[in-house]
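Colleague: based on what follows, work out the 3D shape:
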Amino acid sequence: MHSEVIEQASEAVLFADANEIIKIWNKKAELVFGYTSEEAIGRPLAIIIPDRFLSRHQDGYKGVMKAGVTAYDDEVLSVPAKRKDGSTISIEFSVSIIREKGEILGVLAIIRDTTGKWHKTKKT
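Modeller: Numbering: from 1, shown residues only. Reported below is the predicted structural model:
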């Protein structure tokens, strides 16, 4: 049942393990980022991080995995992201550290594409 809930969520849902490898990627994530589940699962989060932010992201992720906490538990973050076609989009997301028996398994992210919010077009 859990997988059905994730698949039918109205937001993009992804889970990446402690090594930044994508393990869960729902249908909405496919629409937002352009990668099918088959293309995304097993690949690093780097596929959706713009190159100019990749090093900072990786350092931060490693820090979260080591410390077991994130400064953004209760916040919605706004950042640029990268689609399969290389285009940049704006996203908002929240993160949760997922644990099992005290061990950090990785990070769950709930993501919304907000590109339209920042790139409004004028009606004629």
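Colleague: where does this structure have its least confident helix or strand?
Modeller: Least confident helix or strand of the chain, by mean pLDDT, DSSP states H and E, is helix 115-118 with a mean of 76.
Colleague: what packs against it?
Modeller: Under the contact criterion of 3 or more Cβ pairs under 8 Å, 6 or more residues apart in numbering; DSSP states H and E, helix 115-118 touches strand 88-100. C-betas here are computed from N, CA, C, even on glycine.
Colleague: so for the strand it packs on, what gets flagged as buried?
Modeller: Under the neighbour-count criterion of 16 or more other Cβ atoms under 10 Å, strand 88-100 has 89-91, 93-95, 97 buried.
Colleague: what lines up beside that strand in the sheet?
Modeller: strand 77-82 (antiparallel), strand 103-113 (antiparallel) (DSSP bridges).
Colleague: looking at those strands, spot the one closest to residue 28.
Modeller: strand 103-113 (8.1 Å; Cβ to Cβ).
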